[in-house]
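**Q** Below are the sequence and a predicted model for it; my questions follow.
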Amino acid sequence: MNLVTMDYFVSLAEERSFTRAAQRLNVTQQTLSAHVAGVERELGVRLVNRTVPLTLTYAGEEFLRYARRFQAERRELEQEFADIAGDVQGLLAVGIASTRGRLLMPDAIAAFGRTRPRVGIELHEDENDELVELLREGAVDMMVGTVPAGTTGFEVLPLRTERVVLLVSDALLRRLYGAQAQAVVDEVERTGSLAGLSEVPYLLLGEGDEPGDLSRALLRAAGIRPVARVMSKNSETLVDLAARGVGACFVPEDLAQAMAGDASTGLRAISLGEDALIPIHVAWRKSGHVWSVVEAFANLLVELFGEQA
């Protein structure tokens, strides 16, 4: 058993396929299979169920945790000695939701590259709950998202407060409410309650995504049990559907301004009050040494996008 075997097993666990994992690692399936079979013999247990799709046994799940921990420790070792040597280079793994990444990362990465051109950025785009786990496991160096209160083992830096709005087409509102459409919208914005929009079909993000979880909480508070017309992990897809009058979607205000600002879309952003706020943090794992690149990128994010920016 060695570090290469650990890397191979993590890729296999993530891809759930010997074929895809071998392609990702640029090795033959026979090489990958031999490494996995070798560690199974060494440990005396079966780690994977060789089905389609491949699954991990209980022992495999436990081994995966160790493998990711070894990967994280190795990366921290390399980063600490790079700092000791004054060698500012490497690959910074950043976890962020795809919509938030679209809004924040282009400016941040461009600015960062001007001062640290030898540092690459690897974006891991996923829902918030998954990002927290990736950071905990050491699969990413830092995350931009919401760290739940009471979470331990992380250094957490407040970044900004994200306001969620309801994006809906004027055509859909007129179709549902006729001449009363504006009065309905005004009442929602005055009270922050969605009760007046119970007839609207909703387009929802997945559970584990902050705007998705917040939207469900707002709907429950209004006594609405929506049958989701569409569910997706991609906010941009939902916005495009909203523009076609399919339903209404909950998105960050920044995205709404970027996409609804064009009058040709026929979309309007409805404010949902102070209950529709999401705290956004920059976080990294606590350790004996924090890579200087992590701190530099976190400080840049605060400089560019923090509340005082």
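**A** That came in fine, so what should we check first?
**Q** what about the strands in the stretch 201-309 of the chain?
**A** 202-205, 230-232, 248-252, 267-271, 277-285 (DSSP state E, counting those that start in this stretch).
**Q** can you list those in JSON lines and add mean neighbour count and mean pLDDT?
**A** Bear in mind the C-beta positions are built from the backbone N, C-alpha and C, glycine included. Output for the strands of the stretch 201-309 of the chain, formatted as JSON lines (neighbours: other Cβ atoms under 10 Å; pLDDT from 0 to 100):
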{"stretch": "strand 202-205", "mean neighbour count": "25", "mean pLDDT": "94"}
{"stretch": "strand 230-232", "mean neighbour count": "15", "mean pLDDT": "91"}
{"stretch": "strand 248-252", "mean neighbour count": "26", "mean pLDDT": "94"}
{"stretch": "strand 267-271", "mean neighbour count": "19", "mean pLDDT": "93"}
{"stretch": "strand 277-285", "mean neighbour count": "20", "mean pLDDT": "95"}
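**Q** so which of those strands gets nearest V36?
**A** strand 277-285 (27.7 Å; Cβ to Cβ).
**Q** can you give me how far that closest one is from the chain middle?
**A** 11 Å (Cα atoms, centre = their mean, to the nearest Å).
**Q** Adjacent strands (with direction) for it?
**A** Strand partners for strand 277-285, identified by DSSP bridges, are recorded as strand 142-145 (antiparallel), strand 154-169 (antiparallel).
**Q** Just give me how far the last one sits from the chain centre.
**A** Mean C-alpha position of strand 154-169 versus that of the full chain (Cα atoms, centre = their mean) differs by 12 Å.
**Q** picking up where we left off before, tell me the most buried of the strands paired with strand 277-285?
**A** Among those, strand 142-145 has the highest mean neighbour count (mean count of other Cβ atoms under 10 Å), at a mean of 27.
**Q** Can you report how many residues lie near E73?
**A** The tally of other residues near E73 (other Cβ atoms under 10 Å) stands at 12.
**Q** from now on call the first residue 512
**A** Got it, the first residue is 512 from now on, which makes the last one we talked about E584.
**Q** Relative to E785, how far out is the residue lying closest to S743 once chain neighbours are set aside?
**A** Distances taken as Cβ to Cβ, 6 or more residues apart in numbering place L749 nearest to S743, at 5.6 Å, with adjacent residues excluded. Distance of L749 to E785, given as Cβ to Cβ, to the nearest Å: 23 Å.
**Q** Show me which of those two is the more surrounded one.
**A** More crowded of L749 and E785, by other Cβ under 10 Å: L749, with 27 against 8.
**Q** which residues sit in contact with L575?
**A** Applying Cβ atoms under 8 Å, 6 or more residues apart in numbering, one finds that L575 lies in contact with 520-521, 524, 567.
**Q** Out of those, who's the most crowded?
**A** In terms of neighbours by other Cβ under 10 Å, the contacts of L575 top out with F520 at 25 neighbours.
**Q** re the thing from before, keep only those of the contacts of L575 that are in helices.
**A** Judged by DSSP state H, the subset of those located in helices is 520-521, 524.
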